Every structure is written in structure tokens, then in C-alpha cells.
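Asks: starting from these lines, generate the structure:
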Amino acid sequence: MIDHNWHRGHRILEVRPLGPLTEDDFQSLEAQVDPVISERGPLTGLLVDAQNFAGWESFAALVSHCRFVRDHHKHIRRIAVVSDLPLLGYMPRLVDHFVSAEVRPFSSVDYQPALAWLAEAG
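Replies: Here you go, the predicted structure:
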């Protein structure tokens, strides 16, 4: 399941994976995100709270995740990844080749600075 929360008048989306991700998770998230993007335009930011990231339930779920990223990355200006997992600290360098958004890692104690960075004009 992916829990989500909107900040700053639906300009910043926070997502929090709760358990292994499934295909249905991305369909549900898409149903929440697409109407907002259609009505209001691109998102200022996406905050990924990956503290409890447990991977994907299946290869099909990973493919659904990749499709979601492919279809939405151009509609997001910045992505903040909040996690203390060392591997996720390297994520910005890995995903820079695949997304147009600026991506930055933050530790769990820097949740508020991550949210503030997403809200900055730029």
C-alpha cells in the first residue's frame, strides 16, 4: 500500500510505502494524482518517505512503478527522498538519467527541510 498526503494546496504530494509495493498501489496513486495534474498543472514536488520501503511484491509491481515514473516525472519539478537507508542516498545519481525532476536525498531527521526544499521557488 502507498499512503499519500497532499501539502500546500495540492502542489506537493507526499507518498509513504507501507509494505511491499503492488501493481494496484500504482493504479490507486495514479487515480489520485492524475486529476490534480490535469486540473492544476505540474506538481511543485514529490516527497517520498521511504523509511519503511520494503521493495516490490512482484516483478509486475516493479514494472508498474517504472511506468508510473515514466508517465509522471515530467509533471514534477522536484523529488525529495527521505530515508536513512544508505542505498537510497545514491538514488539521485541513478535516477538523474531517467527523470527530468531534480532529486535530492534527505535523512529522516530532515523531513521538514525536505518539505521546505520542495516548496522553494526555482
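Asks: contacts and neighbour counts: CA atoms only from here.
Replies: Will do.
Asks: please enumerate the helices of this structure.
Replies: Per DSSP state H, the chain carries helices over the ranges 23-40, 59-72, 86-89, 91-95, 111-119.
Asks: what's the closest of the ones you listed to V48?
Replies: Ranking those by proximity to V48 (CA to CA) places helix 111-119 first, at 9.8 Å.
Asks: nearest to H10, of the helices of the chain?
Replies: helix 23-40 (7.2 Å).
Asks: buried ones in the closest one?
Replies: Buried residues in helix 23-40, counted by 16 or more other CA atoms under 10 Å: E23, D25, F26, L29, V33, I37.
Asks: what distance do you get for L43 to H65?
Replies: 18 Å (CA to CA, to the nearest Å).
Asks: these two: who's more crowded?
Replies: In this view L43 and H65 are compared by other CA atoms under 10 Å, and L43 has more residues nearby, 22 against 19.
Asks: quick check, the more buried one in contact with R77.
Replies: Yes - taking contacts as CA atoms under 8 Å, L43 lies within contact range of R77: 6.5 Å.
Asks: quick one: distance of stretch 54-72 to the chain centre.
Replies: 12 Å (CA atoms, centre = their mean, to the nearest Å).
Asks: which parts of that stretch are buried?
Replies: Buried residues in stretch 54-72 (16+ other CA under 10 Å): W56, A61, L62, S64, H65, H72.
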